[in-house]
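A.B. asks: Quick one: sequence plus predicted model below, questions after.
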Amino acid sequence: AASAYETPPRKGRKGGGDALRERPGMSAPRAKRARRQHEEAGENEAAELAASVAVAGPRLQVGAQAPQFSAVDQDGEEWDLARLMGRRTVLFFFPRANTPGCTAEARRFAELWQRLDQQGVRVLGVSRDLPATLARFRAKHALPFTLLSDPNGAVRGAYGAVKQGGAPLRSTVVLA
């Protein structure tokens, strides 16, 4: 069974995220209010972006059977759906290694990895990059999880992580 939700790209500065600017001398209540408004705006923006993204291909529904796939990881090792059976797995789809937004997303999963691993959850990143590029990306950012190469977009397409027109969609799927 799979459940899916989109992680929309963030608008704002390079590096994938809006920065809250607290000015020197700002009172504590005002700073707190500014942080709350910033968080609420981000949640609303994320919901609007997710609703506005046009997706090509079938979207996975909660409880749906996970599509079969086959892909090679950063070390050239073959992975498929059967290999993932028996352990909850997070597949996060990202467009391209070494771009600011994708790097930020991968690093966030790296921050969460130990806690997820302790709970028996495997994390796999999926990108259109070639295995050698993914190996360099993984080493450069000390990513503790496997990265799968999907250069032709077959895995991405099977899991509905493609916008209309074929552009990659940043998306996360949990396989239970």
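C.D. replies: Received, thanks.
A.B. asks: List the contacts of the nearest residue to residue 114 once chain neighbours are set aside.
C.D. replies: Leaving aside its chain neighbours, residue 114 sits nearest to residue 144 (7.6 Å; criterion: Cβ to Cβ, 6 or more residues apart in numbering). Where you see a C-beta, it was placed from the backbone N, CA and C, and this is true even at glycine. By Cβ atoms under 8 Å, 6 or more residues apart in numbering, residue 144 lies in contact with 110, 113-114, 117.
A.B. asks: List the buried residues in whatever helix or strand residue 147 lives in.
C.D. replies: Taking DSSP states H and E as the definition, one finds residue 147 inside strand 146-149. Across strand 146-149, burial judged by 16 or more other Cβ atoms under 10 Å covers 146-149.
A.B. asks: by contact count, what packs against that strand?
C.D. replies: Secondary-structure packing of strand 146-149 (3 or more Cβ pairs under 8 Å, 6 or more residues apart in numbering; DSSP states H and E): strand 70-73, strand 122-127, helix 131-140.
A.B. asks: Starting from that strand, tell me the next helix or strand along the chain.
C.D. replies: Tracing the chain past strand 146-149, the next element assigned as helix or strand by DSSP H and E is helix 154-158.
A.B. asks: Identify the residues contacting that following helix?
C.D. replies: Counting by Cβ under 8 Å, 6+ apart, 56-57, 67-69, 71, 93, 126, 128, 148, 150, 162, 168-169 sit against helix 154-158.
A.B. asks: Just the buried residues of it, please?
C.D. replies: 155-158.
A.B. asks: Helices along the chain, start to end?
C.D. replies: 28-52, 81-84, 100-118, 131-140, 154-158 (DSSP state H).
A.B. asks: Which of these has the lowest mean pLDDT?
C.D. replies: When the helices of the chain are compared on mean pLDDT, helix 28-52 scores lowest, with a mean of 54.
A.B. asks: Measure how buried residue 123 is and give me the count.
C.D. replies: Neighbour count of residue 123, defined by other Cβ atoms under 10 Å: 21.
A.B. asks: can you pull the pLDDT of the closest residue to it other than its chain neighbours?
C.D. replies: In space, residue 123 comes closest to residue 145 once its chain neighbours are excluded; the distance is 4.2 Å by Cβ to Cβ, 6+ apart. On pLDDT, residue 145 comes in at 94.
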